[in-house]
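Colleague: Requesting a structural model of the entry that follows:
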Amino acid sequence: MPEPTPTPTTTATQPVQTQSEEPSPESLRDIIRQYAGWYPRWWLLAAFLCTFAIVVGMLTWDVLLCPSVKISSSDALICHVPDVPYLFQILLIWLLFGLLWLLTFTFGFKLAELPTDQPGTFRFSKILRACTAFEPLYPMLLAQGVISWLLINIMWWHDNSPPISFALLAISVFIAHCSLFHHSPSARHRLYLSTYGLLCLLLLLAEVLFKRNFQAHLGDEWLLLTIEILLLFVGIGAIFWRAQPTRPTRHQLPVTVNASISPLTVLSSLWPFNHLFPPQ
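Modeller: Numbers count the residues shown, from 1 in each chain. Below you'll find the model as predicted:
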């Protein structure tokens, strides 16, 4: 005798709301900070804007403001300003680079990193994500960083390191470093930093032993030596450094809190602004 088939019981199904709760201010800050640090998207966009601003500024200076080789009284007042010191030029470029990163991350985080269905911003968000898609560029960014690092050492070896070229090549190396650290687990960061220190030690030995006129140009080209010495100490410190427990993987913010995330919320999640603005 066949067993009776159990009749399915109808139960009221409720939708599972896994991301309906509003996160606390501290958890919201933690999630936003995951997209800062070594996250390459905004560093790459800031490098592009910084290079574009420098090129436009140089063309404006050479073509419109100060086109003549010899400065005359008819030229603009800014043409009579004395040359900016070597180190100060590099610091200004890096300051512009950091400021552009802060602005693009603050005002572009919500558009590029959070899903949105608003008709006014959907198309712009899609264009922004497409223009700043760094994942397909990962091998190219690493290769560009290695080439830039070699060019910096070659220019220094030939005693010819223009400040603008040095600063932009150093930015390229930094972006390659950000891309490498973003794509690698934290357990490998210690190995990479130790490798940086070993390479800098080998470069220092080669420069001291084989570079001609090393002491004669030491006063003018001390910047690269200082960076190499600092990276050497970073590599030594990485040998004794122990990685922290791995944090959970990045996840998207709930769609329900998109409207509450403003540029001020993003800015207040970063140091040192998190000590200046109260949590929203």
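Colleague: residues touching the nearest residue to residue 156 once chain neighbours are set aside, list them.
Modeller: Using C-beta to C-beta, 6 or more residues apart in numbering and skipping residues adjacent in sequence, the residue nearest residue 156 is residue 224, 5.0 Å away. C-beta: built from backbone N, CA, C; applies to glycine. Applying C-beta atoms under 8 Å, 6 or more residues apart in numbering to residue 224 gives the contacts 152, 153, 156, 161.
Colleague: now those residues as JSON lines including distance to residue 107?
Modeller: Output for those, formatted as JSON lines (distance: C-beta to C-beta, whole Å):
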{"residue": "152", "distance to residue 107": "32"}
{"residue": "153", "distance to residue 107": "37"}
{"residue": "156", "distance to residue 107": "37"}
{"residue": "161", "distance to residue 107": "34"}
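Colleague: Residue 179 versus the residue nearest to residue 156, what's the distance?
Modeller: The gap separating residue 224 from residue 179 is 22 Å, by C-beta to C-beta, to the nearest Å.
Colleague: ok, back up a step: the residue nearest to residue 156 sits in which helix or strand?
Modeller: When elements are assigned from DSSP states H and E, residue 224 belongs to helix 222-239.
Colleague: Can you give me the buried ones in that helix?
Modeller: For helix 222-239, the neighbour count (16 or more other C-beta atoms under 10 Å) marks 223, 224, 225, 228, 231, 232, 235, 238 as buried.
Colleague: most neighbours, which of the contacts of residue 224?
Modeller: residue 161 (22 neighbours; other C-beta atoms under 10 Å).
Colleague: For that one, which non-adjacent residue is closest in space?
Modeller: Once flanking residues are discounted, residue 161 sits nearest to residue 155: 4.6 Å by C-beta to C-beta, 6+ apart.
Colleague: Can you read off the pLDDT for the one you found?
Modeller: Residue 155 is assigned a pLDDT of 86 by the prediction.
Colleague: now the one helix or strand residue 96 maps to: mean pLDDT?
Modeller: Taking DSSP H and E as the criterion, residue 96 maps to helix 86-113. For helix 86-113, mean pLDDT rounds to 87.
Colleague: for that helix, packing partners?
Modeller: Contacts defined by 3 or more C-beta pairs under 8 Å, 6 or more residues apart in numbering; DSSP states H and E place helix 86-113 against helix 40-59, helix 119-131, helix 163-183, helix 222-239, helix 263-267.
Colleague: Can you check which of these gets nearest to residue 146?
Modeller: Closest approach to residue 146 among those (C-beta to C-beta): helix 163-183, 7.1 Å.
Colleague: Show the low-confidence segments of the protein, by residue range.
Modeller: 1-30, 68-78, 80-82, 115-125, 214-221, 242-260, 262, 265, 267-269, 271-280 (pLDDT under 70).
Colleague: give the contact list for residue 200.
Modeller: Residues near residue 200 by C-beta under 8 Å, 6+ apart: 228, 229, 231, 232, 235.
Colleague: ok, now residue 141?
Modeller: 40, 44, 134, 175, 176, 179.
Colleague: Go again with 6 Å.
Modeller: Going by C-beta atoms under 6 Å, 6 or more residues apart in numbering, residue 141 touches 176, 179.
Colleague: Going forward, the N-terminal residue is numbered 28.
Modeller: Let's use 28 as the start, then, which means that last one is residue 168.
Colleague: Roughly how far does it sit from residue 198?
Modeller: Relative to residue 198, residue 168 is positioned 12 Å away (C-beta to C-beta).
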